[in-house]
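1. Return atomic coordinates for the entry below.
(chains A, B, C and D)
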There are 4 protein chains.
Amino acid sequence: MKDSGTINIGIIGYGYWGTNLVRNFSAVPDCRVAMVSDLREERLQLINRVYPSIKTTKNVEELIKSPDIDAIVIATQVFTHYELGKMALEQGKHVLLEKPMTDSTAHSEELIDIADRSNKVLMVDHTFLYTGAVRKMKELVENHDLGKLNYFDSTRINLGLIQQDINVLWDLAPHDISILNHLISERPVSVQATGISHIHNGIENIAYLTVNYNNGFIAHFNCSWSSPVKIRMMLLGGDKKMVVFNDVNPGEKIKVYDTGFKIENDEDKRNLLFSYRSGDIYVPKIDESESLLNMAKDFIGAIKNGTKPVSDSDSGLWTVRILEASQKSIKNKGMEVLL
Amino acid sequence: MKDSGTINIGIIGYGYWGTNLVRNFSAVPDCRVAMVSDLREERLQLINRVYPSIKTTKNVEELIKSPDIDAIVIATQVFTHYELGKMALEQGKHVLLEKPMTDSTAHSEELIDIADRSNKVLMVDHTFLYTGAVRKMKELVENHDLGKLNYFDSTRINLGLIQQDINVLWDLAPHDISILNHLISERPVSVQATGISHIHNGIENIAYLTVNYNNGFIAHFNCSWSSPVKIRMMLLGGDKKMVVFNDVNPGEKIKVYDTGFKIENDEDKRNLLFSYRSGDIYVPKIDESESLLNMAKDFIGAIKNGTKPVSDSDSGLWTVRILEASQKSIKNKGMEVLL
Amino acid sequence: MKDSGTINIGIIGYGYWGTNLVRNFSAVPDCRVAMVSDLREERLQLINRVYPSIKTTKNVEELIKSPDIDAIVIATQVFTHYELGKMALEQGKHVLLEKPMTDSTAHSEELIDIADRSNKVLMVDHTFLYTGAVRKMKELVENHDLGKLNYFDSTRINLGLIQQDINVLWDLAPHDISILNHLISERPVSVQATGISHIHNGIENIAYLTVNYNNGFIAHFNCSWSSPVKIRMMLLGGDKKMVVFNDVNPGEKIKVYDTGFKIENDEDKRNLLFSYRSGDIYVPKIDESESLLNMAKDFIGAIKNGTKPVSDSDSGLWTVRILEASQKSIKNKGMEVLL
Amino acid sequence: MKDSGTINIGIIGYGYWGTNLVRNFSAVPDCRVAMVSDLREERLQLINRVYPSIKTTKNVEELIKSPDIDAIVIATQVFTHYELGKMALEQGKHVLLEKPMTDSTAHSEELIDIADRSNKVLMVDHTFLYTGAVRKMKELVENHDLGKLNYFDSTRINLGLIQQDINVLWDLAPHDISILNHLISERPVSVQATGISHIHNGIENIAYLTVNYNNGFIAHFNCSWSSPVKIRMMLLGGDKKMVVFNDVNPGEKIKVYDTGFKIENDEDKRNLLFSYRSGDIYVPKIDESESLLNMAKDFIGAIKNGTKPVSDSDSGLWTVRILEASQKSIKNKGMEVLL
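-> Reported below is the predicted structural model:
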């Protein structure tokens, strides 16, 4: 682990997200994007025009083995993460993987093992954990403002690009699952999932996931590439307060609701004598600084100072573990799959 | 079956919904609310003040056996529907049951059997089927405007009164399940459901339900009494158009989206070559006449003219069948339950 | 002024609002709706059916002169308010006038004079002053939460029924003007107004009004019967906080915004060195009890206990004074008209 | 006027908008950003880093007099537009001025005169005219879909940066006024305006403007830097249909409402026998391509091909004429000012 000096970054994959990574890592102090690799000639030409100082290559091994490079960011398709990550770690590089971490729990565990043995930083880019909204939710949970936590309910649906290698859960749910794992310290015990494919390749474009805990907490995820409306909403319910994170309501992304129980008139004699009571709503101002920049700084900080990143390899592993179990449950008609 | 004359109605249960029933049946031509029964003295006093011409009784048998009464509306708690409905049918009355029809498939089937044998109208009050919004959705489906139907996704969540005898699915989902059955002619083959109770009596306050079909169609329901926000949203997706029914957006309850697939640039070579394409949105004007009045007229019309009601006993039965299977699935950890 | 006993009310006019008045005054303790007059036979028949204990008459003088009646509510067209109100006061009755109070400042002042001399309650039904939303705004103003008040900006537009006798300002703006006068203790000094008629009778269906104060405060009103969207929004801006009252956003009618000034980077050297700063938003829970019932209670309380009503005759007078000046300004091409 | 070849552009002012101009003109075919001037050393350093091929200078005359430059874009403060524009035209350059065109009608007319005599393109950057939303509104007007046009009502309010040299009307209203002039072929005859300053320098931070026509059409503008909520809404009402342009509702920016009149029950005998009738709503898909790029292409096209630009100097002149008259009206207490 280096104590000082500039960290030289190599980035594998210059697609849509790769351009954001290059831009943000270029803005991190003590960090330099030294090389970018991509298989597509036109993408490399583009980077040469915009960032003439960055070396480019179509040969990913050239990048991984470059002695000038300290850390490698892997922004390629999921099925390549394990192989590229392993090679990079074995070359003594720190590694940042795009989400989801890898395509299986076993692969994620193996990468963690290699990173641990070689004392390298292994991190996963769950960008949402660095947003002002999620940081505010984390703060509310840590301050015990919500009371005993009861449920997490996430909807992430829109008209989307159909992926060829992964289903809608692997594509969209890593955001929400990583947030869940970030907010809830206890780990889940099982999942049930259902889904359907309306595409010839059999990949689910709609899926529903329930995640179970031992302590009366429940989480549910609704993911779809086939919704005409774009919904990005998360509810986190406690017995004192509840939070709504609505990512498509700028200026009011986080709302905190006072809730509780009150005694009702027992009109029908047979009803329970209580119902929910709603109260004031509080809409905290959210830090709007770019979350991807915060994530990049966290990676560089972990390399330089040995700090534990927010979106660490354990976060990546648990996300993959839940996704893998979900897929198994879908294939087994919603059967409960233990984690 | 009477051909003419006034239908005399008896209503059992004068709670919140009972007041709506009395008001609406009073407004139906050729119909008279003759008697109301309730166990609570103060409710009967209330009706005496407001509707002095309506007879009242605390003795439900007096109402059911009254020779002046042609048809009986049962607006009591679910567990009483079967017994009261059976008694009424056996007394030769037409019967309208509040939703859900009864507390079990077997009970619903038995009532249907009795009604068939005695040639009486047996109907269930799925009021939503009479709203302008659902009628517009039905029209879109029947005109084949949506193309091949792919999915139905319903969210019905709010802070609600905790029921003592039925869980959140039995309380809220009958609305959405009856709409599903009304819009989709094919019948489902199985369900999976999950849920949780945060209440001492173990009754689920949050539940999730997937309903499966043989033809690639899927339906999903998210029901909660524990959400700080009130959401009443249904999506019905076809391969040509999709409909959103947002019941809390007055003036824009129904939106019809042009959707389809388009070819995308294959930036990553490995993506499928298509994505969804969105187009114009159409917000049809919806008939705002009171749905409960339409329902009451449908009941009276069925009695007088022998017409088949929209919300018939088969609609009631299938709703109960799905609810019963859902509960079984929840108790069996999300196991698929065949219908 | 009576100290005890039941107040007998007579209501003149049984149109849309009249039905609400009868219902709410019937619910006030120590108050009885004794008689209702209307020129239309079918309206009187309706009241006979629903409220058989209420006397009805087509002869308004019979009602006004009835010795059994203590107080009279006048819910007829604006041009009749003065004459009927004067007659009622002269018969020794307490009087509640629907908004706007009368059709001219002179008429309003004369009624106030008569009421003062005869020691009778004269009140105007500005129902909005009794809503939870306006009461919350008043509380925020009185607690000095908003800082120095700077502006009031109201939009009340929708597709509406064209009135024959009054323009859109006289129809819609009384709500907003009475709220303005209720919240702001200082009185305005002048108005400017513009408007247009798209109707053959020359009555303005769209109008804009500015109300000026001596202390740097300004108020503006946008009223229209010709908007396809229904907007009911009021902004009240102070130098510390600002309030938005959005009447069509149930559950979030009142929002309180932290605002202030902050120093900006002076990129262009010539900009002022500050801009607004936004902060947290607070959405207080609003009392949802029926405002019309609260108004009715206030009237009865004023009669029985001599309390000063919230919506008193001075509130009515100032509303009419501003409306009258606005009309004069519209007719004089937006000329400033002093109050 | 050149027929072919690359147009070399010089841009004066590299503030917030200047960066957008450089980026978009760089993307126009047959166009090259050759030089940028700014008084601030750090801004020139920034451009050197990002666009090393663009020449930079602190000396605006060097840019204007450069023989390599064909056309000049002036993105400086309003009070400098006239002087810089005049110098550029006199050097034989085509000129694009940021909005508002100049600080007075006389200055705008003089520039137009010079451009006409020297046969150079003089254009004003009213970017909104190139948005998909405004183009859709224009199409609806030209197709006579709306019927006879009755009114235009615009609200543009938010918490904004206080300008030092121009008031809120000059800052915000050019967008809306240029859209009005673009949509309505007839020219207005007079204005009335009111406003207030809550800032020590006396510059209005809130202002209201009415624009009058001879044919029964009216336009109104509500502009504020002091609103806690951001509203960007325009209504255009015809007697057949009405359009709402809500710029902060992505995906539903333009809504077209079927409206008209219908006969109402004449409950009160004295009402007019008609009210508005609302019908279906249509939400057309809007072209989302960058409007600033379209504007830049229009400028280059006008230079190369002699086409008349959408946002021409007449559009700029009329916007300034209305602003100038508005300011005069504000200073004269809302007095009508003829155009």
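2. make it CA atoms for all contacts and neighbour counts henceforth
-> Will do.
3. Wait, residue A:297 touches residue A:28, no?
-> Yes: judged on Cα atoms under 8 Å, residue A:297 makes contact with residue A:28 at a distance of 6.1 Å.
4. all strands of the stretch 101-250 of chain A, in order?
-> A:122-125, A:149-159, A:190-196, A:206-212, A:218-224, A:226-238, A:241-246 (DSSP state E, counting those that start in this stretch).
5. Looking at those strands, which is nearest to chain C?
-> In terms of Cα to the nearest Cα, the element of the strands of the stretch 101-250 of chain A nearest to chain C is strand A:241-246, at 13.8 Å.
6. per-domain residue ranges of chain A.
-> With domains defined by automatic domain parsing, chain A comprises A:7-126+A:291-308, A:129-288+A:321-338.
7. what's next to whichever helix or strand residue A:36 is part of, contact-wise?
-> Here residue A:36 is covered by strand A:31-37, with elements defined by DSSP states H and E. Applying Cα atoms under 8 Å, 6 or more residues apart in numbering or on different chains, the external contacts of strand A:31-37 come out as A:6-14, A:22, A:25-26, A:44, A:53-60, A:63, A:69, A:300.
8. And the buried ones among these, selectable in ChimeraX?
-> This is the ChimeraX syntax for the buried subset of those, where burial follows 16 or more other Cα atoms under 10 Å in any protein chain shown:
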select /A:7,8,9,10,11,12,13,14,22,25,26,44,54,55,56,57,58,60,63,69,300
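9. Which of the contacts of strand A:31-37 fall within helices?
-> Secondary structure defined by DSSP state H assigns A:22, A:25-26, A:44, A:60, A:63, A:300 of the contacts of strand A:31-37 to helices.
10. between those residues, which is closest to residue D:233?
-> Here the nearest of the ones in helices among the contacts of strand A:31-37 to residue D:233, counting by Cα to Cα, is residue A:22; it sits at 37.4 Å.
11. biggest helix in chain A, by residue count?
-> Of all the elements of type helix in chain A, the one with the most residues (DSSP H) is helix A:313-331.
12. Direction included, what does whatever helix or strand comes next after that helix pair up with?
-> Note on helix A:313-331: by DSSP H and E, the next helix or strand toward the C-terminus is strand A:337-338. For strand A:337-338, the paired strands and their directions (DSSP bridges) are strand A:190-196 (antiparallel).
13. Could you measure from residue A:128 over to residue A:143?
-> Look at residue A:128 and residue A:143: by Cα to Cα, to the nearest Å, they are 20 Å apart.
14. Who has more neighbours out of the two?
-> Between residue A:128 and residue A:143, counting by other Cα atoms under 10 Å in any protein chain shown, residue A:128 is the more crowded of the two (19 against 10).
15. Just to check, the more buried one is in contact with residue A:137?
-> No: using Cα under 8 Å as the test, residue A:128 is too far from residue A:137 to be in contact (11.5 Å).
16. Surely residue A:339 touches residue A:192?
-> No: with contact taken as Cα under 8 Å, residue A:339 and residue A:192 are classed as non-touching, separated by 10.8 Å.
17. C-alpha coordinates for the strand or helix carrying residue A:46, PDB please?
-> Secondary-structure element containing residue A:46, defined by DSSP H and E: helix A:41-50. Written as PDB, here are the backbone C-alpha positions of helix A:41-50 (Å, rounded to 0.1, in the frame of the first residue of the first chain):
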ATOM      1  CA  GLU A  41     -10.900   1.100 -32.500                       C
ATOM      2  CA  GLU A  42     -13.400   4.000 -32.700                       C
ATOM      3  CA  ARG A  43     -13.600   4.200 -28.900                       C
ATOM      4  CA  LEU A  44      -9.900   4.500 -28.600                       C
ATOM      5  CA  GLN A  45      -9.800   7.200 -31.300                       C
ATOM      6  CA  LEU A  46     -12.400   9.100 -29.300                       C
ATOM      7  CA  ILE A  47     -10.300   9.000 -26.200                       C
ATOM      8  CA  ASN A  48      -7.200  10.100 -28.100                       C
ATOM      9  CA  ARG A  49      -9.000  13.200 -29.300                       C
ATOM     10  CA  VAL A  50     -10.500  14.200 -25.900                       C
END
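18. The strand holding residue A:36 pairs with which strands, and in what direction?
-> When pairs are called by DSSP bridges, strand A:31-37 turns out to pair with strand A:7-12 (parallel), strand A:55-57 (parallel).
19. Just the pLDDT at the closest residue to residue A:140 other than its chain neighbours, thanks.
-> Taking Cα to Cα, 6 or more residues apart in numbering or on different chains as the measure, residue A:140 lies nearest to residue A:146, with 6.7 Å between them; neighbours along the chain are not counted. Among the per-residue scores, residue A:146 shows a pLDDT of 95.
20. how close does residue A:109 sit to chain D?
-> For residue A:109, the distance to chain D (Cα to the nearest Cα, to the nearest Å) stands at 42 Å.
21. can you put the ones in helices among the contacts of strand A:31-37 in JSON lines and add distance to chain D?
-> Supplementary listing: the ones in helices among the contacts of strand A:31-37 in JSON lines, determined by distance: Cα to the nearest Cα, whole Å:
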{"residue": "A:22", "distance to chain D": "15"}
{"residue": "A:25", "distance to chain D": "16"}
{"residue": "A:26", "distance to chain D": "13"}
{"residue": "A:44", "distance to chain D": "18"}
{"residue": "A:60", "distance to chain D": "28"}
{"residue": "A:63", "distance to chain D": "25"}
{"residue": "A:300", "distance to chain D": "24"}
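22. Thank you, goodbye.
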